[in-house]
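>>> sequence and predicted structure, then a few things I'm wondering about:
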Amino acid sequence: MEPVISLTGVTAELGGRPVLRGVDLTVRPGEVVALLGANGSGKSTAVRATVGQVPVSGGELRMFGTAVHRFRDWRRLGYVPQRSTATGGVPATLREVVSAGRLARRGLRPLGRADRAAVDRALDLVGLADRAGDSVDALSGGQHQRVLIARALAGEPELLVLDEPLAGVDLASQAILADTLRAQLDRGATVLLVLHELGPLRQLIDRAVVLAHGRVERVVERPGDVGDGVAPLPEESACHPPPANGPRPGGWEVPPGRGPHDPLGRAVGPTLQTGIL
Ligand SMILES: Nc1ncnc2c1ncn2[C@@H]1O[C@H](COP(=O)(O)OP(=O)(O)OP(=O)(O)O)[C@@H](O)[C@H]1O
């Protein structure tokens, strides 16, 4: 089956500096693929290139089989960017914000019955149906994030791209997000998401792709099934540090005199060690 997203040797520059240095990534229909990696490793840039926001300078990036620069069928995509706001300060209710997610489908025609039903379903999926008439200004950060996800879901996209959907979201909201993604997979959607930790999404993920310095450093298939003998993913090495010296569960040896470190070999500070997992 043709991949939904396919990157082959993709390079991209920002501010005149290379940020993606030859990324290979394939996301097939119905898969959930997570991009992981240290700050600045290129995760958001890879996602933004995929949704056509960052130009590709080399290699090949295809969306639903079409080169991204020729791809026009953006209604097939629902995108939740990193750290964005729902309204940019303009007063709006949750229902109004989520209705905007139907724009790509209905254009400027008034909302029809099917549109309203899709908006209600999306609000219900993220657990905010009872707040539909409230102003988004009255929401917490985590609830705000759920509204943005509902806006993407309202378009009933075949592909959902989420950049750090768990950022600033408490455990209860993370569980709601996991249920929401499960519902999307049940209806046949494909998901690409940027994460710092797999958290409650771990069991849903088909492939974890770890980026470092704009390249794929490691790929872990079905991280939820990973047993002994596989080096831990970033947040595991950060959140559950093994004894300072001696053998690690995945077979790594920590050199004497060194504490826990991230995949790039940098010392991991106490804040990272308190991550959720
Ligand atoms: N608009 C920009 N202009 C110049 N450089 C940029 C721009 N946006 C990002 N970069 C640089 O590109 C690199 C990759 O950034 P990117 O946001 O893709 O990383 P990331 O892996 O998503 O990081 P984080 O985990 O912090 O969100 C970083 O070195 C960053 O400073």
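Structure's in. What do you need?

>>> now the residue nearest to Leu195 when sequence neighbours are not counted: phi and psi?
Nearest residue to Leu195, sequence neighbours excluded (Cβ to Cβ, 6 or more residues apart in numbering): Ala34, at 4.9 Å. The C-beta positions use only the backbone N, C-alpha and C, and glycine is treated the same way. The phi and psi values for Ala34, taken as degrees, to the nearest 10, are phi -110, psi 130.

>>> mind checking pLDDT for Ala34?
Ala34 carries a pLDDT score of 96 in this model.

>>> burial count for it?
Applying the criterion other Cβ atoms under 10 Å, we find 26 residues in the vicinity of Ala34.

>>> look up how far Pro3 lies from it.
When Cβ to Cβ, to the nearest Å is applied, the distance between Ala34 and Pro3 equals 16 Å.

>>> what does Leu36 give?
If you measure Leu36 against Pro3 using Cβ to Cβ, the figure is 20 Å.

>>> mind checking which of these two has more residues around it?
Neighbour totals were compared for Leu36 and Pro3, and Leu36 leads with 26 against 17 (other Cβ under 10 Å).

>>> what strand or helix carries the spatially closest residue to the more buried one that is not a sequence neighbour?
The shortest distance from Leu36 to any non-neighbouring residue, by Cβ to Cβ, 6+ apart, is to Val210 (4.9 Å). Under DSSP states H and E, the secondary-structure element containing Val210 is strand 207-212.

>>> report all helices and strands that that strand contacts.
Using 3 or more Cβ pairs under 8 Å, 6 or more residues apart in numbering; DSSP states H and E as the contact criterion, the neighbours of strand 207-212 among helices and strands are strand 32-37, strand 215-221.

>>> okay, those strands in TSV with distance to the ligand next?
Converted to TSV, the helices and strands packed on strand 207-212 look like this (distance: least, Cβ to the nearest ligand atom, whole Å):
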stretch	distance to the ligand
strand 32-37	5
strand 215-221	12
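
>>> out of the ones you listed, the one nearest Gly16 is which?
Minimum separation from Gly16 across the helices and strands packed on strand 207-212 (Cβ to Cβ) falls at strand 215-221, 19.1 Å.

>>> could you list the buried residues of the closest one?
Using 16 or more other Cβ atoms under 10 Å as the test for burial, strand 215-221 gives Arg215, Val216, Glu217, Arg218, Val220.

>>> and that strand, what does it pack onto?
By contact count (3+ Cβ pairs under 8 Å, 6+ apart), the secondary structure elements abutting strand 215-221 are strand 17-27, strand 207-212.

>>> what residue is smack in the middle of this protein?
The C-alpha lying nearest the average C-alpha coordinate of the chain belongs to Leu193 (Cα atoms, centre = their mean; 1.9 Å).

>>> for that one, what is the enclosing helix or strand?
Using DSSP H and E, Leu193 sits within strand 190-194.

>>> what sits up against that strand?
Judged by Cβ atoms under 8 Å, 6 or more residues apart in numbering, the contacts made with strand 190-194 from elsewhere in the structure are 4-5, 27-36, 43-44, 47, 50, 82, 158-165, 181, 184-185, 201.

>>> quick check: mean pLDDT across it?
Averaged over strand 190-194, pLDDT sits at 96.
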